[in-house]
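S.K.: For reference, the sequence and a predicted model appear below.
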Amino acid sequence: MNLRILLQQVRKCYPGLDLFSEGPFYTWADPSKALLDQEEQWDESLEYVFAFCKKNGPFHAVYGFSQGTAIITNFSHPKIWRDKFHMESCPWKFAILACGGASHHISTPKNKTVNMPSFHIFGKKDEHLIDSKKIANYWDPSKIVTHTHDGGHVIDARMYSREKEMMKKLINFLDDNLASSHGVFEALRYA
């Protein structure tokens with residue numbers, strides 16, 4: 001299994017993010033488009049994830065931020081990976097989902113949760129907090145670990161030193177779900 005391969009969104013993102021960080025920025029579905037166009041883009045994005053996973057997978061895990069949490073939630077459900085794309089199994093074993101958004105794009109049934117471990121990171125001041133929690137409801141509640149940080153719709157490079165409790169939870173989650181990869185996260189444990 002691959003430990004780290006980057007899969008990024010397929011469309012250039014709307015302007016404005018360059019005020020906060022260097023780009024380029026991408027999106028799974030352009031929120032400035034009409035909802036019908038977004039749904040078409042969403043389907044194209046699922047096709048893109050499938051092609052990427054078929055070529056590069058399987059993976060231990062997947063990480064998604066913002067819209068990425070919704071695309072991962074969609075793809076992690078058997079209705080998508082098994083029924084739509086005829087895969088034998090989901091291409092990853094667990095998910096880490098941060099500051100979710102775009103729950104309206106999720107097309108899987110709410111009454112049949114994704115049956116795999118997931119770690120959900122919420123931002124207390126995130127304008128998409130309600131949406132992020134809606135996305136968490138698609139996952140098996142017995143396999144969810146959550147943490148709410150004090151910030152907004154952001155995961156920054158200094159969070160590992162500022163959010164000690166989150167890091168403890170994340171390390172435990174990774175230890176539990178990467179039992180075959182002991183030592184991979186030792187550096188994080190002492191950060």
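M.R.: Yes, it's here.
S.K.: any idea of the pLDDT on the most centrally placed residue in the chain?
M.R.: Residue closest to the average C-alpha location in the chain (Cα atoms, centre = their mean): G64, at 2.3 Å. Note for G64: predicted pLDDT of 91.
S.K.: Quick one: residues contacting it.
M.R.: Residues counted as contacts of G64 (Cβ atoms under 8 Å, 6 or more residues apart in numbering) are 70-72, 95-98, 100. C-beta coordinates here come from the backbone N, C-alpha and C atoms, glycine included.
S.K.: What's opposite it in the beta bridge?
M.R.: Here G64 sits in beta bridges with L97, going by DSSP bridges.
S.K.: the helices in the chain, which residues?
M.R.: All helices of the chain, identified by DSSP state H, fall at 35-56, 67-76, 78, 129-136, 159-162, 164-177, 186-189.
S.K.: Tell me which other helices or strands the first one touches.
M.R.: Helices and strands touching helix 35-56, by 3 or more Cβ pairs under 8 Å, 6 or more residues apart in numbering; DSSP states H and E, are helix 67-76.
S.K.: so how far is I106 from G152?
M.R.: To I106, G152 is 22 Å away according to Cβ to Cβ, to the nearest Å.
S.K.: More neighbours: these two, which one.
M.R.: For G152 versus I106, the count of surrounding residues by other Cβ atoms under 10 Å is larger for I106: 21 against 13.
S.K.: Kindly confirm whether my reading is correct that the more buried one touches F75.
M.R.: No. Under the criterion of Cβ atoms under 8 Å, I106 is not in contact with F75, lying 10.2 Å apart.
S.K.: sorry, back to before: the helices of the chain into CSV, with extra columns for mean pLDDT and mean neighbour count?
M.R.: Below are those laid out as CSV (pLDDT from 0 to 100; neighbours: other Cβ atoms under 10 Å):
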stretch, mean pLDDT, mean neighbour count
helix 35-56, 86, 16
helix 67-76, 93, 26
helix 78, 95, 15
helix 129-136, 95, 19
helix 159-162, 80, 12
helix 164-177, 90, 16
helix 186-189, 44, 10
